[in-house]
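Q: test case, fold it:
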Amino acid sequence: MTKMRVSVVQYHLHTIHSFAEFAAQVEHYVRTAEEFAADFVLFPEFFTTQLMSIGKDGRALRIDELPEYTEQYVELFTGLAKQTGMHLIGGTHVVEKAGKLYNTAHLFYPDGRVVTQAKLHITPTEVHEWNMAAGDSFEVFETEKGTIALLTCYDIEFPEIVRMARARGADVIFCPSCTDDRHGFHRVRYTSHARAVENQVYVVLTGTVGSLPTVDFMRANFGQAAVITPNDIPFPPKGLAAEGEINDDMIVTADLDLELLEQVREKGSVTTWRDRRIDLYTDWK
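A: Numbering: from 1, shown residues only. Sure, this is the predicted structure:
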């Protein structure tokens, strides 16, 4: 297959009182994407922090209590992926391994398989306020629609890791994000465009919107989904196949033509992937 349809969720964060409320909101977005016949659905980074607002003993959950919901989260997304036949990228969820917390992207295949990619670059807030650990391995994932990579928010700001993804065959970078103001949002947005130009790949980006008033560091969110393309003749002039309305609760959908990537890599207006000077600087494999 040379085309894939992606639906991208601007997930609205608000206080909830049960896992059932969370599951109903997730299913709403998934069913909406199903109506658009999407192949992939992307949720944002840290969207499961909404579960922290359920609370315990009159207080919001701590970040180290969020992994208590991992089994229910995996069961929910696995079931929906099987039911709909879509690939669901369940944003990121905080998991605990050997006493450490990892901000981890999850890909749920329609056949029930689940693969994960921990965030590789950790922001100061994640380190100092939430005691997160950085992932220590990176891989790309084969699907029936093409080869993809999962790089979370801050990860996209590092050119080397996206070059590694392309060198390993990835044509689409899915980037779940969570930013609390315009500065952080634009850092991620602008670097996503840069990575698409540098490597002649698609970058599918989204973020959280809304607010969790009882959850520390999730009170402010500034987000917008975007399906970002290389900047060349076969693609939209601004390198945008689709984008949402800033800070609205919504889902956007676009088609990605993987053959166009091969065409511009071979004979585009510029051929940035082919023209990298590995005689002058290190290539990434």
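Q: let me see the ranges of the helices in the stretch 51-200 of the chain.
A: For the stretch 51-200 of the chain, the helices defined by DSSP state H, counting those that start in this stretch cover 70-84, 124-128, 159-167, 182-199.
Q: Serialize those helices to JSON lines and add fields for distance to V209, mean pLDDT and mean neighbour count.
A: Where you see a C-beta, it was placed from the backbone N, CA and C, and this is true even at glycine. JSON lines is the format used below for the helices of the stretch 51-200 of the chain (distance: least, Cβ to Cβ, whole Å; pLDDT from 0 to 100; neighbours: other Cβ atoms under 10 Å):
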{"stretch": "helix 70-84", "distance to V209": "20", "mean pLDDT": "98", "mean neighbour count": "17"}
{"stretch": "helix 124-128", "distance to V209": "19", "mean pLDDT": "95", "mean neighbour count": "13"}
{"stretch": "helix 159-167", "distance to V209": "25", "mean pLDDT": "96", "mean neighbour count": "19"}
{"stretch": "helix 182-199", "distance to V209": "11", "mean pLDDT": "98", "mean neighbour count": "19"}
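Q: export those as JSON lines, with columns for distance to S137.
A: What follows is the helices of the stretch 51-200 of the chain, written out as JSON lines (distance: least, Cβ to Cβ, whole Å):
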{"stretch": "helix 70-84", "distance to S137": "19"}
{"stretch": "helix 124-128", "distance to S137": "18"}
{"stretch": "helix 159-167", "distance to S137": "12"}
{"stretch": "helix 182-199", "distance to S137": "20"}
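Q: among those, which is nearest F43?
A: helix 70-84 (8.8 Å; Cβ to Cβ).
Q: could I get the full set of strands for the stretch 151-285 of the chain?
A: Assigned by DSSP state E, counting those that start in this stretch, the strands in the stretch 151-285 of the chain fall at 172-176, 202-206, 209-210, 226-228, 240-243, 250-257.
Q: of all those strands, which one is nearest E21?
A: Closest of these to E21 is strand 209-210, at 13.7 Å (criterion: Cβ to Cβ).
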